[in-house]
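Engineer: here's my sequence, what's the structure:
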Amino acid sequence: MMEVQLRGSKTHDVTLELIEKYPQKVTIRLDEILKERKMSQGDLHRLTGIRMATLNEISNGKKRSVNMLHFAAIMAALRITDIRELFNIEFNDEVQKAWEEEMKDYEGEGLTQKQKEELTHNVSRMYT
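Structural biologist: So this is what the prediction gives:
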């Protein structure tokens, strides 16, 4: 199982700030699944047509942007029906508790008050 740090990725400052603000753990299980099935990345390449370099980047957590077509092909080739078998993103307990508290007053429409504040802050940074 490969753990991935999303910090340090090249993307918009607003995105990076969001990732920093809400700590998470990303795990990728592709190599583990291949080992369990006695398959190689080469086998997966030949089944999916996905470049070996791309499969290696996914397995090693170096591929930061997700190509849904690739994940669908990998899932089909490995006969996986739930993407969470390939990778998982978990937010830490503190974040989960804060979000649960925030959602207590949510009425099911639009944004929470906290999201409205974040939106205003982000818009001022993205479009000025």
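Engineer: where is the longest helix in this structure?
Structural biologist: Longest helix in the chain by number of residues (criterion: DSSP state H): helix 113-126.
Engineer: now for that helix, which elements pack on it?
Structural biologist: With contacts taken as 3 or more C-beta pairs under 8 Å, 6 or more residues apart in numbering; DSSP states H and E, helix 113-126 sits against helix 13-21. Just so you know, the C-beta spots here come from the backbone N, C-alpha and C atoms, and that holds for glycine as well.
Engineer: same for the helix or strand following the helix it packs on, what does it pack against?
Structural biologist: Sequence-wise, the next helix or strand downstream of helix 13-21 (DSSP states H and E) is strand 24-28. Packed against strand 24-28 by the contact rule (3+ C-beta pairs under 8 Å, 6+ apart) you find strand 2-4, strand 87-91.
Engineer: list the buried residues of strand 24-28.
Structural biologist: By neighbour count on 16 or more other C-beta atoms under 10 Å, the buried set for strand 24-28 is Thr27, Ile28.
Engineer: what's the answer for stretch 45-52, then?
Structural biologist: His45, Thr48, Ile50.
Engineer: and the nearest residue to the last one once chain neighbours are set aside, how far is that from His45?
Structural biologist: In other words, Ile50. Using C-beta to C-beta, 6 or more residues apart in numbering and skipping residues adjacent in sequence, the residue nearest Ile50 is His70, 5.5 Å away. Separation of His70 from His45 (C-beta to C-beta, to the nearest Å) stands at 11 Å.
Engineer: got the buried residues of stretch 45-52 as a markdown table, with secondary structure, pLDDT and distance to Gln24 columns?
Structural biologist: Listed next are the buried residues of stretch 45-52 as a markdown table, based on DSSP: H, G, I helix; E, B strand; the rest coil; pLDDT from 0 to 100; distance: C-beta to C-beta, whole Å:
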| residue | secondary structure | pLDDT | distance to Gln24 |
| --- | --- | --- | --- |
| His45 | helix | 98 | 29 |
| Thr48 | helix | 97 | 27 |
| Ile50 | coil | 97 | 25 |
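Engineer: appreciated, that's everything.
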